[in-house]
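> how would this look folded up:
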Amino acid sequence: MQYCGKCRRVCVEGIEKCPGCRSRKLRPAGEGDEVFLCCADMYAAGRINGALIEAGIESRLESAGSAYFNFDSSSSPTDQNIYVPYGGLDKAGEIAAAVSKEVELERSPEEDGEGNSPGAKRIVCEVLSVAAFLALIMLAVYGADSFAAWLKGMLGMG
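Sure, this is the predicted structure:
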């Protein structure tokens, strides 16, 4: 395996440029090299980091995003890169994949007993919230108009 000194990714033998950063500074990977494992949001990165430490694999988190966020970027300001020693990369990859799957299952919506998805419930709640908000605005406008007409009548201006 080849190692990119710029972005710390491991690449397959025989390529000229790093697929991550397009650098040509590739060299054979050494046991002590700190290599890129994966990028994850803060919650998933914390879970992966904890599982790696529990398995006895040193790991380090580093911010992947910048303070400036644009929609063309593939990472958000809270994303974290996880780095591990090259010697533990295979085991760390297995652990990261398992933890990522657990996090994905935690985040996936579960269906209720009626077969309705939580997404449908959320949409109904949002529509009802918008309708209630519009009713309150209408009530406030008509109430203010009625109050103004009553006040004009009391003062003899109407």
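> hey, let's count contacts and neighbours off CA atoms from now on
OK.
> ok, now which ones touch the spatially most central residue of the chain?
By CA atoms, centre = their mean, the mean C-alpha position of the chain lies nearest to Asp41, the distance being 4.6 Å. Residues in contact with Asp41, defined by CA atoms under 8 Å, 6 or more residues apart in numbering, are 78-80.
> Next one: it from Ile48, what distance?
Per CA to CA, to the nearest Å, Asp41 is found 10 Å from Ile48.
> for Ala40, same thing?
When Ala40 is compared with Ile48 (using CA to CA), they lie 9 Å apart.
> do the same with Leu105
Distance from Leu105 to Ile48, by CA to CA: 15 Å.
> Who has more neighbours out of these two?
Ile48 (25 against 11; other CA atoms under 10 Å).
> Leu37: neighbouring residues, count only.
22.
> Checking it next. Helix, strand or coil?
Look at Leu37: counting by DSSP: H, G, I helix; E, B strand; the rest coil, its state is strand.
> Against Leu134, how distant is it?
Taking CA to CA, one finds Leu37 at 50 Å from Leu134.
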